[in-house]
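Asker: Below are the sequence and a predicted model; questions follow.
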Amino acid sequence: MNNRFRYLIHSVTVLALGGIIYLLLRDRTHIHDILHMPAMLYRLHFVGDSFVRYTLPDFLWAYSFASALHALFCGRSRKFVFAAVVLSGAVYEFAQMLSLIGGTGDVLDIIMYVLAAVIADYIFFKKKENKK
């Protein structure tokens, strides 16, 4: 299995994990309405549940996006990947803040997009260095 395919599988797995958290722990979202599905663990409360419910899925999705872009570009466009992840996330959050789309814009989510892009970059290039 080549590295590009491995990174794409990794990206899809992380994307799915974010989706599972979103579906199980959030309530009354558009996705729940489309799927006619209640959030099964919405009433579950634990230390850090707010972070897990609202911030972690955004981090995982941004990380997945960055990983997929690194796989597609084979590490040739580090700056582009970083800019694409952070700018698309920031535009999405600002659109929420301005009520152009549904949701609640959050500065912490933008910080998570930056962190996700940095971590994906580090992992991708650290593994590349180890292969040499």
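Answerer: Looks like it came in fine.
Asker: for this structure, where's the lowest mean pLDDT among helices and strands?
Answerer: Least confident element among the helices and strands of the chain, by mean pLDDT, DSSP states H and E: helix 30-35 (a mean of 71).
Asker: What's the first helix or strand after it?
Answerer: Remark: after helix 30-35, the chain's next helix or strand is helix 49-50, criterion DSSP states H and E.
Asker: who touches that following helix?
Answerer: Applying CB atoms under 8 Å, 6 or more residues apart in numbering, the external contacts of helix 49-50 come out as Leu25. Backbone N, C-alpha and C define where each C-beta goes, glycine included.
Asker: Give me the mean pLDDT for it.
Answerer: Helix 49-50 carries an average pLDDT of 86.
Asker: can you give me how far it is from the chain middle?
Answerer: 17 Å (CA atoms, centre = their mean, to the nearest Å).
Asker: Same check on stretch 27-34?
Answerer: The answer for stretch 27-34 is 18 Å, by CA atoms, centre = their mean.
Asker: So, low pLDDT: which residues of the chain?
Answerer: Of all residues in the chain, those with pLDDT under 70 make up the ranges 1, 30, 32, 39-43, 75, 127-132.
Asker: tell me which residues in the longest helix seen in it are buried?
Answerer: Among the segments of the chain that qualify as a helix by DSSP state H, the longest is helix 107-131. For helix 107-131, burial by neighbour count (16 or more other CB atoms under 10 Å) applies to Asp109, Ile110, Met112, Tyr113, Ala116, Ala117, Ala120, Asp121, Ile123, Phe124.
Asker: next one: stretch 7-20
Answerer: By neighbour count on 16+ other CB under 10 Å, the buried set for stretch 7-20 is Tyr7, Leu8, His10, Ser11, Val14, Leu15, Leu17, Gly18.
Asker: what's the answer for stretch 68-82, then?
Answerer: Buried, per 16+ other CB under 10 Å, within stretch 68-82: Ala68, Leu69, His70, Ala71, Gly75, Val81, Phe82.
Asker: returning to what we had before: please enumerate residues in contact with the longest helix of the chain?
Answerer: 3, 7, 55, 58-60, 62-63, 65-67, 70, 75, 78, 81-82, 85-86, 89-90, 93.
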